[in-house]
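All I have is the shape, not the residue letters:
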Ligand code: IPE
């Protein structure tokens, strides 16, 4: 089984509210259709989630009733992006089934409290391709919370122990510092926990509502420890995702879990 996370920065224009990159979505769907094993697709929210989530502070403790409407709005918006992804996968010849975290996962103070992985298992056994996404979910303590695609990757990796986990980003992989901020950076061919001290994780702009880059890399390392192999590849470069899901050598960063 292959687990793929399509980052919101590849699927959307992250600076413009609810603007999808439809050509990229169509191309990536075709590249995923060549997967040699059953596939689980997780996608981020990009500008269909982060902008309003930040504006209404949906990542913080639950503050007031106006956040309910904002939470509902974001749940609706991420479903719109999800429908675009599902349509593209259908067109590429797959049989995708959308499994929304708002219904299948709950949190307690920002941590996963329950996750219905059996729905994923049942559909994949049937031969369908489960698709899930970063979403606004129930939280016992906060009321609502944000569940990122990376959190879903971890839950799915723990439940299904994939052959391969592929993180699709808008850069070539993990660099020694942010390539959008500095020029003297080097792409890391591989990353393991002991490399983290040597990386400059200073954020480029407003922090992402689902956490820092360092937090994301730490979670990727944890996911990698539940997968045969894991890597970060650039989804903006044609055929990188196709090659990565097929297990061919590809430019990117290998994520090495374990101590
Ligand atoms: C974000 O999910 C979810 C919401 C903001 C509702 P992700 O954190 O996985 O999304 P991207 O990949 O960064 O866009």
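Noted; the coordinates are in hand. These numbers come from a predicted model, not from an experiment.

Who are the contact partners of residue 152?
Counting by C-beta atoms under 8 Å, 6 or more residues apart in numbering, residue 152 touches 42, 101, 105, 132, 133, 134. All C-beta spots, glycine's among them, are computed from the backbone N, C-alpha and C.

Excluding sequence neighbours, find me the nearest residue to residue 259.
Spatial nearest neighbour of residue 259, excluding adjacent residues (C-beta to C-beta, 6 or more residues apart in numbering): residue 193 at 7.0 Å.

Now do the contacts for the closest residue to residue 16 other than its chain neighbours.
Of all residues not flanking residue 16 in the chain, residue 47 sits nearest, at 5.7 Å (C-beta to C-beta, 6+ apart). By C-beta under 8 Å, 6+ apart, residue 47 lies in contact with 8, 12, 13, 14, 15, 16, 17, 18, 19.

again, but for residue 78
The neighbourhood of residue 78, defined by C-beta under 8 Å, 6+ apart, consists of 45, 48, 49, 133, 134, 135, 136.

would you list every one of the helices in the stretch 101-250 of the chain?
Here the stretch 101-250 of the chain has its helices, by DSSP state H, counting those that start in this stretch, at 101-104, 117-126, 149-160, 213-224, 240-246.

Just the buried positions in stretch 187-197, please.
187, 188, 191, 193 (16 or more other C-beta atoms under 10 Å).

I should have written stretch 114-126 there, sorry.
115, 117, 120, 123, 124.

Of those, which is the nearest to the ligand?
residue 115 (15.3 Å; C-beta to the nearest ligand atom).

hang on, residue 153 packs against residue 165?
Yes - assessed by C-beta atoms under 8 Å, residue 153 is found in contact with residue 165 at 6.6 Å.

okay, and the common contacts of the two?
The contact sets of residue 153 and residue 165 overlap at 3, 5, 223 (C-beta under 8 Å, 6+ apart).

Going through those residues, which ones are buried?
For the shared contacts of residue 153 and residue 165, buried by 16+ other C-beta under 10 Å: 3, 5, 223.

For the ligand, state which of the residues you listed is nearest.
When those are compared for distance to the ligand (C-beta to the nearest ligand atom), residue 5 wins out at 7.2 Å.

how far away is residue 254 from residue 81?
Plainly put, residue 254 is 29 Å away from residue 81 if you go by C-beta to C-beta, to the nearest Å.

Quick check on the two: which one has the bigger neighbour count.
Between residue 254 and residue 81, counting by other C-beta atoms under 10 Å, residue 81 is the more crowded of the two (24 against 17).
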